[in-house]
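Asker: Here's my sequence, what's the structure:
(chains A, B, C and D, ligands or ions: 4)
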Amino acid sequence: MTITQQPPAARAEASASTTPRWLRSLGYRYGVVGVWIVAFVFFSIMAPTTFLTATNLTAMLSSQAALILLALAVVPALAAGEIDLSVAGVMTISATVVGQLNGVWKVDIVLSIVLALLVALLVGFINAFLAVYVGVQSIVVTLGMSTLLVGISQWIANKLTITGVSPDLGRLVNGRVLGVSAGFWFAIAVGLVLWYVYRHTAVGRHVVFIGKNAEVARLSGLPVQKLKVGAFMVTSLLAGLAGVVVVASAGGLQPTSLQTLLLPAFASAFLGQAIIDPGSNNPLGTIIAVLFLATGINGLVLLGADTWVSDVFYGAAVIIAVTVSRIATVRARRKSVL
Amino acid sequence: MTITQQPPAARAEASASTTPRWLRSLGYRYGVVGVWIVAFVFFSIMAPTTFLTATNLTAMLSSQAALILLALAVVPALAAGEIDLSVAGVMTISATVVGQLNGVWKVDIVLSIVLALLVALLVGFINAFLAVYVGVQSIVVTLGMSTLLVGISQWIANKLTITGVSPDLGRLVNGRVLGVSAGFWFAIAVGLVLWYVYRHTAVGRHVVFIGKNAEVARLSGLPVQKLKVGAFMVTSLLAGLAGVVVVASAGGLQPTSLQTLLLPAFASAFLGQAIIDPGSNNPLGTIIAVLFLATGINGLVLLGADTWVSDVFYGAAVIIAVTVSRIATVRARRKSVL
Amino acid sequence: DPGTDAPAADAVSQEVLDKLASYEAASALDNVGEAFDVSSVEGKTVWWVIQEGANPFLATVMAHAEEALAEVGVKLVTCDGKSNPVDANNCITQGIAQGAAAIQVDGPDPETVANAAQAAVDAGIPVLTGSGIDASQPMPDFIAGVTSQPYVLTGELAADWIIADSDGAANVLFITTPDVSGSGFQAQGFKDEMAKYCPDCTVTEQGVTLGNWASDLGSTVSAALAKDPTINYIAPVFDPMTQFINPAIQQAGRGEDVQVVTVNGNLPFMQELATGTGPTKALVGLDLNLLGWIEADQILRVLTDTPPVSDYYTVARVFDEDNIGELDLTAEAFGDSSWYGGAGSTAELFTSLWLK
Amino acid sequence: MAQVTNPQEAPDGGLTPAIRLRDLRKTYVEGVPVLEGVDLDVPHGQVTALVGANGSGKSTLVKILSGYHAPDRGSRIWIDGAEIEGQIAPAAARDAGLRFVHQDARLVSGVSVLDNMLVGAYHTGISGRVHWRSERRSVQALLDRWRIEVALDADPSNLPLATVSKLAVLRALRTEGDEKISALILDEPTAALGNDDSHNLLTWVRELAARERVGVLFIGHRLPEILSLADRVAVLRAGRIVAEEAAGELDEARLVHHVVGTEIAQFYPDREERRSVEPVLTVTGLGGAKVHDVDLHVGKGEVVGITGLAGSGFEDIPYLVVDPSARARGEVTIDGHKINLRRTTIARRGELGLVLVPADRKNKALAVDLTLRENLVLPRLRSFLRRGGLSRAAEHTDSIQVLKRFGVRPPDSRLAASSLSGGNQQKVVLAKWMSTRPQVLIIHEPTQGVDVGAKSEIFALLAESASQGLSTVLVSVEYEDLAHLCDRVYVVGEGRIVAELSGAQLTTEAITATALMGTERRKA
Ligand SMILES: Nc1ncnc2c1ncn2[C@@H]1O[C@H](COP(=O)(O)OP(=O)(O)OP(=O)(O)O)[C@@H](O)[C@H]1O
Ligand SMILES: Nc1ncnc2c1ncn2[C@@H]1O[C@H](COP(=O)(O)OP(=O)(O)OP(=O)(O)O)[C@@H](O)[C@H]1O
Ligand SMILES: [Mg+2]
Ligand SMILES: [Mg+2]
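Answerer: Ligands and ions are numbered 1, 2, ... in the order given. Take a look at the predicted model:
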């Protein structure tokens, strides 16, 4: 499957208008950031003593490491024009493998992690093989894979909750650096690496081109299939890392509980596409999206909102943010193109 | 967002080969049906006294009404080249509205259903408005909408379990016609109507055309936006009906419990695309896919398999069936074109 | 460790301490029904509709019930409701079609499967519920028998431990899972106990629905801790929630001063409690083996037209650093009631009740 | 919404034209008007040709007529004497008897040929059911009449471009019952057709116009053809009709002048004597689905043509040589390196100096959603690696240079490729590949849909690079261009090379004759 999107206005920018470009592009590049700031200010006013405190903000950031990694995992496949719905499944199996090997069978933690990541890579390769070489739509293959992996994880874990994963690893991941958990910084670092790859390396740019038009890319000599396989495997690897982080920071795991992260991860990745450098390959936007949504949940809890409010916020935030950004894009395009 | 797919081989046939067309197309048209038959035979042999009985099979069919409707709901949006991830959310809110109005506030059941379906249509219209007129990718809008609707449903339901929905409605939906529940026949009828519309009416053909290439459709004078809006609204209406059926046949509801049906519904709709008349607009294939997956789960339960086995079956079945069908498609194409 | 701290006598009511002390010790099932004749049940098949096959708690109970019923030659067919009403109804419908002798709906509120259950009753198949809502609740007519964990009691015990441990001055974040039916009863028990015995305690309640555990529990905890830094206890209703709560506590840098008290006693969380390194300091455990057996017992009573036992609860025990050391934290011990003082005796008890 | 007002208002001299435009204006982006007051009549029974440079607004005009775009305020449009106000409703345009063949909007893949032919005009019974049997029959009859052999259930993506173009025109011509076509608007319907097909089609359209009194508005870039077949020619430049004359009174040079605005001193570049001994590309025994035993060679700096009738198989040759997925048989050597036709990657062939510019611009040559910069630098991204990775600034600087060198307008590397007109897109495609400094450049239909001015510039570019040693293979149906540009031309008939023309033999007529005969002979 290929996903064609409305070309973002960034593509269409020209120099006709006299307003400086950065100003004209503010709306669509920073629309979501704007909504975030509004939410931030709102909560700061509504809950000044609780929301806008270092402890609150650092704690909020700290708890997002696994979700950031999972949302980032969505990006490489999207950038290559594919959809990988198995990321939560890969996260589950990777966490289960670490948990079972290290927590239950007391295998060395490093070895356990390595094996878990190898499993993740293997899954990525199978997805890629079916989607790229056999030609099945990636959304379908990975949907099936997702359920399959959860089943296998239950089998591995023998339906039980796994626990007893090395507390050293937990201390490492949960340990604080500049007030925020090491896991968070790790996730940010992964995001920066992705950003660098997409923006500044030939491979990254090639993948993005493939995502936009695989046939043109192929006839231009790019190894389309190999790069797509690579994209699937990176996606799986990141999902596997998310699994390692989650099991490390929790110390234990109920394998099926991670499936529910699929939709939030996709919501963040899609939302991320509308941020700063609009386009399908937007790791930094994705990170911001995760943090934006986390800010909302955090703020609502501080305001003492009912349980259902957080779902309403989550859904409405995604819709409103993307709509705002889209309207700004259209405006910008009308004013500046040709 | 537009989804472009590999054109199904059916379309690609030429008259080069001497094998009759129906024979050449057997593989990809009936690949999944074949897998279904294999599963059927397998279970009949393994569990002859329990699986292959009229009561078992009719019971199995009877309980699939809501899922068939939900999977069918996915189809109109897919056919129009869009993705609607809010179907489970719409099902939730529709079921919740019926449950709360009739079960808790004792509003007349017919009125409750009408209101629930109006809510569903409204949601469809909002999705459509944002996706079609504002131009936000449908996958993103509807992802947000999905969570939003679950939140709103929780708010409506207040107490998280709804009970006491009119047993008359339950009797109607669960009542037997030819040994199978009326709800099942209703779902089948809906599927047949959809099939008829897509295959034999101008509107249906136009929507399919739009799904393949909206730009050319617009140049050809089709009212692309209106038809897409219509597709979103039909999708929502069907999801709303699924909600009515589920609450009617269960008699009670926990609003958060329907979200888990999203992936099975999509799995069936995608799988359905590979069956009988390969393509994105395949209501009959979708029904067969639901029944195929239900057969597997049913058989596994009767064989006494562990619960994780059913997840493995579900995932593996989707992957294998779609892969088989894809390979057969490629074969058929190669034979008939080259 | 409320037992040893010798709290100021006036801060903590003696009733609380006594109750705690009694539940920190192993106890036996006190609500045993009459012995009855099970000779007619051999060869019957019971359908067990598990709300979510991947839920370790429910899966463990199911495994024990299966083992129990096998004792008397009753076969269990397990069917996964996959947390949604379509699959749950499907399972019940299948059970009816297969002519089940009885159908056990384990986990969900029976009202959410009312019609299918009624259809089973109409077909002459008794429907029982277990682990879902508190056995003290009024049951709908179509339910022939009920068993559960003592939700209200476990809520009270969690509260008691906190009251005792804090010398009556706890600031508690109580986290529910509003879409799991038992959660509400437990919350009620917890809050009532707090209100009754700890006027100086503060309880803040937060709900996170099951589907949002992985995404929202962490944020909820970090926000709550930021909002009220004096929170010193967190009590999630079920122990698997700690896998998302505990990291948030660590990440908030409150690993040292926030204590977690929770309910269920699944093996992994017991093991974690035993290490003493995590925030979890007390667990109200439930004898899941026994729960499986009493569910089986209730089913057999219904199958043999013996009056069902009312208020049929499994045994609870409070674990903390004082008594966890005594336990053998292996899967075998987890499975044979030995943590609750019933090693091997559970099977004996029931086989003695089931007259062949 | 379209609203038909008093038809008497039409400023009608004598006969009511099918279409009358007065002061038609359209501005997409503030400050950059595309149409600035177009006055044009399309009379019944005549072929009116509309010509103009790429980007002059021809398609815009067409899309306004079909209701795709709204005209600016003040524009006035009459259809058969009835004034339309505001944006035309697509259905109203059809009801008024307007039929369109839009540029680049040919057939949709994934939908059968039958459905493509019927779209927008299914005939249904009261039940809403499409009359499949009669529809099938009527479409089949239309195809039979035009001797187009194609299965109605086939997917158009597998059909030759020429067939697709014909089908697109036939779709517009389909009438049912008492439907009447008042005007037929054809936006470059023949761009993908060979001279022959194009001529046939135009002749037929002309007959139709005369017989059924249909007003035809024909848009194209092949001026000689237009001059010989249109009744009147209108030239669009700078947003206005700058000339409108009877075709018989115009000659090509004057028409070119109108289109371009200046003289084109020399349409085809001077031909240099390029006799090369060292072959850079040799192809032996090349075979594919429709191609058999093709041997050919190209010397250093040589310009070699490959042509034939549409459908003769010559169109497949470039892909067989360059694209491993075409699964060719045979042997190909580039600069002494033998390549494995099914294994050697396109990238490797590129490194050896062999590159292909495909004809299907939108799907194969250019990612239209991406910017010019992204398209231009793609094959040589690694050359922009600086310390710290790829440098966007360097890419922009280079892209702007390339755009200027190749005369792309506007030379703004930040534009989306889709926002350029067809001719300029084609220049971008050429620039993308020529800036990789290849040894052998295979170009398939390099001037499809390109205006005269741009065509001449592209020819000059090709000649210049050839003189610098680039070996060029032109694969095209434009016999006249080949005759002027090439040193040698291979003519393909029925998948085999039937003639190799060079020197004095190499004339438009000779190519035409051998192409036709090649087919005839094999048929005989
Ligand atoms: N949708 C659009 N938005 C903005 N600008 C557009 C749009 N469509 C066309 N243009 C611009 O309007 C001008 C006229 O384009 P048009 O397609 O009408 O040219 P044309 O005469 O048909 O050219 P060609 O001969 O290449 O087909 C061009 O500059 C083009 O870039
Ligand atoms: N959606 C479709 N796309 C392409 N071909 C179709 C489609 N539906 C039907 N056909 C083809 O049209 C032909 C006639 O179809 P069918 O038998 O369904 O209609 P019919 O009853 O003969 O039509 P009518 O009622 O108009 O006489 C068959 O060859 C069938 O394959
Ligand atoms: Mg044009
Ligand atoms: Mg053109």
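Asker: Relative to ligand 2, which residue of the stretch 51-200 of chain C is the closest?
Answerer: Per C-beta to the nearest ligand atom, the residue of the stretch 51-200 of chain C with the smallest distance to ligand 2 is C:Val86, at 32.0 Å. For every residue, glycine as well, the C-beta is placed using N, CA and C.
Asker: Which of the helices or strands spans that residue?
Answerer: Secondary structure from DSSP states H and E places C:Val86 in helix C:85-97.
Asker: and that helix, what other elements does it pack with?
Answerer: Using 3 or more C-beta pairs under 8 Å, 6 or more residues apart in numbering or on different chains; DSSP states H and E, the elements in contact with helix C:85-97 are helix B:54-62, helix B:65-79, helix B:224-250, helix B:283-303, strand C:45-50, strand C:75-80, strand C:102-106, helix C:114-122.
Asker: The ones you listed: which one's closest to chain D?
Answerer: The minimum distance between chain D and the helices and strands packed on helix C:85-97 falls on helix B:224-250, with 9.5 Å, by C-beta to the nearest C-beta.
Asker: tell me which residues in that closest one are buried?
Answerer: Burial within helix B:224-250, assessed by neighbour count using 16 or more other C-beta atoms under 10 Å in any protein chain shown, is assigned to B:224, B:227-250.
Asker: Do any residues in that helix lie close to chain A?
Answerer: No. Applying C-beta under 8 Å from any C-beta of the partner chain, one finds helix B:224-250 separated from chain A by no less than 14.0 Å.
Asker: same question, stretch D:54-74
Answerer: No. Applying C-beta under 8 Å from any C-beta, one finds stretch D:54-74 separated from chain A by no less than 10.1 Å.
Asker: Can you check the distance spanned by that stretch, start to finish?
Answerer: Its first and final residues considered, stretch D:54-74 spans 25 Å by C-alpha to C-alpha, to the nearest Å.
Asker: so D:Glu500 makes contact with D:Val492?
Answerer: No. Contact criterion C-beta atoms under 8 Å: D:Glu500 and D:Val492 do not qualify, at 10.6 Å.
Asker: The two: which has the busier surroundings?
Answerer: Higher neighbour count among D:Glu500 and D:Val492: D:Val492, with 29 against 15, using other C-beta atoms under 10 Å in any protein chain shown.
Asker: following the helix or strand containing the more buried one, which helix or strand comes up?
Answerer: Element membership of D:Val492, judged by DSSP H and E, is strand D:488-493. Using DSSP H and E, the helix or strand that directly follows strand D:488-493 along the chain is strand D:496-502.
Asker: can you pull the buried residues of whichever helix in chain A runs longest?
Answerer: Longest helix of chain A, by residue count under DSSP state H: helix A:307-336. By neighbour count with 16+ other C-beta under 10 Å, helix A:307-336 contains the buried residues A:307-319, A:321-330, A:332-333, A:336.
Asker: now for it, which elements pack on it?
Answerer: In terms of contacts (3+ C-beta pairs under 8 Å, 6+ apart), helix A:307-336 is packed against helix A:9-12, helix A:21-24, helix A:26-46, helix A:262-272, helix A:283-302, helix B:138-157, strand D:19-29.
Asker: if you set the cut-off to 6 Å instead, what comes out?
Answerer: helix A:9-12, helix A:26-46, helix A:262-272, helix A:283-302, helix B:138-157 (3 or more C-beta pairs under 6 Å, 6 or more residues apart in numbering or on different chains; DSSP states H and E).
Asker: Check whether it comes near ligand 1.
Answerer: No. Helix A:307-336 does not reach ligand 1 (C-beta under 6 Å from any ligand atom); its nearest approach is 8.8 Å.
Asker: Now do the contacts for the nearest residue to A:Asn213 once chain neighbours are set aside.
Answerer: The shortest distance from A:Asn213 to any non-neighbouring residue, by C-beta to C-beta, 6 or more residues apart in numbering or on different chains, is to D:Ala367 (3.7 Å). Neighbouring residues of D:Ala367 by C-beta atoms under 6 Å, 6 or more residues apart in numbering or on different chains: A:Lys212, A:Asn213, A:Val216, D:Asn375.
Asker: Please report how far the third one lies from A:Ala77.
Answerer: Read that as A:Val216. For A:Val216, the distance to A:Ala77 equals 20 Å [C-beta to C-beta, to the nearest Å].
Asker: now do the last one
Answerer: As defined by C-beta to C-beta, D:Asn375 lies at a distance of 23 Å from A:Ala77.
Asker: give the contact list for the residue nearest the centre of chain A.
Answerer: For chain A, A:Ala71 is the residue whose C-alpha lies nearest the centre (C-alpha atoms, centre = their mean; 1.2 Å). Shown in contact with A:Ala71 (C-beta under 6 Å, 6+ apart): A:Ala265, A:Ser268, A:Ala269, A:Thr286, A:Val290.
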